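Undergrad: turn this into a structure:
(one chain, ligands or ions: 1)
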Amino acid sequence: MNLVPEKLLHEMSSPGRIAVSLPACDVPETPVPAGLRRGDLRLPELDELSVVRHFTRLSQKNYSIDTHFYPLGSCTMKYNPKVNELVANLHGWRDTHPLIGDEFSQGALELIYKLQEGLREIGGFAAASLQPAAGAHGELAGVFIMRAYHVARGEARRTKILIPDSAHGTNPATCTMAGMTTIPLPSDAEGGVDLHALQVALDSATGEIAGIMITNPNTLGLFDRNIETIAKMVHDAGGLVYGDGANMNAVTGVFKPGLSGIDVMHFNLHKTFSTPHGGGGPGAGFVGVGQELMDFLPGPIAAKNGNKYALYMPSRSIGSVKSFYGNFGVLVRAYAYMRMLGAEGFRRLAENAVLNANYIKVRLEGHYKVKYPRRCMHEFVAMGDIAPGIHTLDIAKRLIDYGFHPPTIYFPLIVPEAIMIEPTETENKETLDAFVEVMIKIADEAKTTPDLLHHSPTTTPIGRLDEVGAARNPVLCFKG
Ligand SMILES: *Cc1c(COP(=O)(O)O)cnc(C)c1O
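TA: Model prediction:
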């Protein structure tokens, strides 16, 4: 860590210092037209090496999966294999253009088709689309599909969607964006959907239920064994079942959601299928559907006719949700991963994701409370109120001092002081042990030297942030 406080670029600026030397201008100079320039640009004046060092140093302050263990529950920050990058950067993929037409895009269409079919098989669905650009975008496409289905059946008044209280925030946000209203469902003592509350909710809106949005395993990392019963209850009420499959790590090759009564589901390729998350994108959100919804899928969709590949629009498609084929470069990465693992590999992926999470859970249980102690899937939720005056935030900040990215905290909302840990299947035992040992050390510090936790992080350029202030009064524009 630097002992000298980091300087901003304009603080390092020295008048007249430059990083480029251009040849003398051999065309007439044209002044910037009046009115286009709002004022003097006070750009810092620096030499090239200082600029390079500055930005390289800044880039090294980032946590990333390539530098640190990143146990961010629900987000699945697993390793992005470097071979995926190599493949995605092959000239034929990287430099192709969607407007060159199907005839010259056979390879690209074949890849899209094979990925689509592979994921469809993993999910147990009848048809699928790779158009959406993210998980939440897949959700939106899925809810549009549900809406189009009800409208096509003359049931436009079905606008209510049930959402368990453990759901990811994107679920209610998606429903609202799609013009639906949401009905929250409480969880039962086991952390699953409360069946009695589900029946009451279904009865309270007869004829208006569009469906349920369910995550299984849910965000508590628990598999809801009642999934088939839940699906039947919702179907009997005329609704559809949306499955949030952002995180399939625990179940690939083990459980096919499409065979458990789920009618429509998205997968995040940037979680389970190893593509990078990126800074808000680009990603890809596969949507798979059962027989009754296939005509509504967003398109174009890749199809195989004889030995040719082509694109088509499903007959009652909700339309395109993204230009051309979606984020093609991401699809190439996911396809490389799929071919690398194969059916056997996907099953082992799930087994290791579950094993790793349970290993950490069991080792931490004597030190942290776990609200739902039954065997977890790919993640589990512990609680950070381990000593008087100690909160989850203190533990998360202290982890940074020890070089670990904190897990997801204060989510899901139904667990007080939640710490949601997802190690992923790509970490080795030594890394898991190092994390566990630090967590145990922090639990001891919480009891013996709580101030260490309250004052952390101490190794970062900035300590605790005023998070509420940052959200309420954002400064979005740098003023040097
Ligand atoms: C990550 C996640 C989403 C949203 O996916 P994005 O690609 O971030 O939009 C939805 N649901 C669950 C359970 C998730 O973990």
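
Undergrad: so residue 213 belongs to a helix, correct?
TA: No. Checked against DSSP: H, G, I helix; E, B strand; the rest coil, residue 213 lies outside a helix; its state is strand.

Undergrad: number of residues surrounding it?
TA: Neighbours of residue 213 under the rule other C-beta atoms under 10 Å: 29. In short, each C-beta sits where N, CA and C put it, glycine included.

Undergrad: then residue 116?
TA: Applying other C-beta under 10 Å, I find that residue 116 has 21 neighbouring residues.

Undergrad: per-residue confidence for it?
TA: Listed pLDDT for residue 116 reads 97.

Undergrad: how far away is it from residue 89?
TA: Look at residue 116 and residue 89: by C-beta to C-beta, to the nearest Å, they are 22 Å apart.

Undergrad: with residue 413 instead?
TA: Residue 413 is 41 Å from residue 89, where distance means C-beta to C-beta.

Undergrad: over to residue 111?
TA: Using C-beta to C-beta, residue 111 is found at 14 Å from residue 89.

Undergrad: neighbour count for the two, which is higher?
TA: residue 111 (23 against 12).

Undergrad: ok, that one touching residue 331?
TA: Yes. Using C-beta atoms under 8 Å, residue 111 is in contact with residue 331, at 6.7 Å.

Undergrad: which residues of the stretch 251-400 of the chain lie near the ligand?
TA: For the stretch 251-400 of the chain, the residues in contact with the ligand (C-beta under 6 Å from any ligand atom) are 268, 283.

Undergrad: what segments of the stretch 251-400 of the chain are strands?
TA: Ranges of strands in the stretch 251-400 of the chain, per DSSP state E, counting those that start in this stretch, are 264-268, 285-289, 301-305, 308-312, 369-370, 380-383.

Undergrad: which one of those is the most hemmed in?
TA: Highest mean neighbour count among the strands of the stretch 251-400 of the chain (mean count of other C-beta atoms under 10 Å): strand 285-289, with a mean of 31.

Undergrad: give the burial count for whichever residue of the stretch 1-150 of the chain sits closest to the ligand, as a bare number.
TA: Proximity of the stretch 1-150 of the chain to the ligand (C-beta to the nearest ligand atom) peaks at residue 135, 2.2 Å away. By other C-beta under 10 Å, 25 other residues sit near residue 135.

Undergrad: let's verify the nearest residue to residue 262 once chain neighbours are set aside: helix, strand, or coil?
TA: Among residues not flanking residue 262 along the chain, residue 243 sits closest, at 3.8 Å (C-beta to C-beta, 6 or more residues apart in numbering). The local conformation at residue 243, judged by three-state DSSP, is strand.

Undergrad: list the contacts for residue 243?
TA: For residue 243, the contacting residues are 213-216, 257, 262, 264-265, by C-beta atoms under 8 Å, 6 or more residues apart in numbering.

Undergrad: partner residues bridging it?
TA: Bridge pairing for residue 243 (DSSP bridges) gives the partners residue 214, residue 265.

Undergrad: so it versus residue 290, what's the distance?
TA: Residue 243 is 11 Å from residue 290, by C-beta to C-beta.

Undergrad: between these two, which contacts overlap?
TA: The overlap between the contact sets of residue 243 and residue 290 (C-beta under 8 Å, 6+ apart) consists of 262, 264.

Undergrad: what about the stretch 51-200 of the chain, any weak spots by pLDDT?
TA: Counting by pLDDT under 70, the stretch 51-200 of the chain contains no low-confidence range.

Undergrad: could you rerun that using 90?
TA: For the stretch 51-200 of the chain, applying pLDDT under 90 flags the ranges 57-64.

Undergrad: so which bits of it are right by the ligand?
TA: 74-75, 134-136, 168, 170.

Undergrad: in TSV, list these along with secondary structure.
TA: Listed next are these as TSV, based on three-state DSSP:
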residue	secondary structure
74	coil
75	coil
134	coil
135	helix
136	helix
168	coil
170	helix
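
Undergrad: ok, which pair from the residues you listed is furthest apart?
TA: The largest separation in these, counting by C-beta to C-beta, is between 74 and 134 at 14.2 Å.

Undergrad: compare those two and say which is more crowded by neighbours.
TA: The neighbour comparison of residue 74 against residue 134 (other C-beta under 10 Å) goes to residue 134, with 25 against 21.

Undergrad: any idea how far residue 152 is from the nearest residue to that one once chain neighbours are set aside?
TA: Spatial nearest neighbour of residue 134, excluding adjacent residues (C-beta to C-beta, 6+ apart): residue 283 at 4.4 Å. According to C-beta to C-beta, residue 283 stands 29 Å off from residue 152.

Undergrad: please apply the same query to residue 357.
TA: Counting by C-beta to C-beta, the gap from residue 357 to residue 152 is 41 Å.

Undergrad: more neighbours, those two?
TA: Ranked by neighbour count (other C-beta under 10 Å), residue 357 and residue 152 place residue 357 first, with 27 against 12.

Undergrad: show me how this structure divides into domains.
TA: Structural domains assigned to the chain are 83-341, 345-470, following automatic domain parsing.

Undergrad: residue 106 contacts residue 310, doesn't it?
TA: No. Residue 106 is beyond contact range of residue 310, at 9.3 Å (criterion: C-beta under 8 Å).

Undergrad: which parts of the stretch 301-450 of the chain are helices?
TA: 328-364, 392-401, 429-448, 450-454 (DSSP state H, counting those that start in this stretch).

Undergrad: cool, thanks, signing off.
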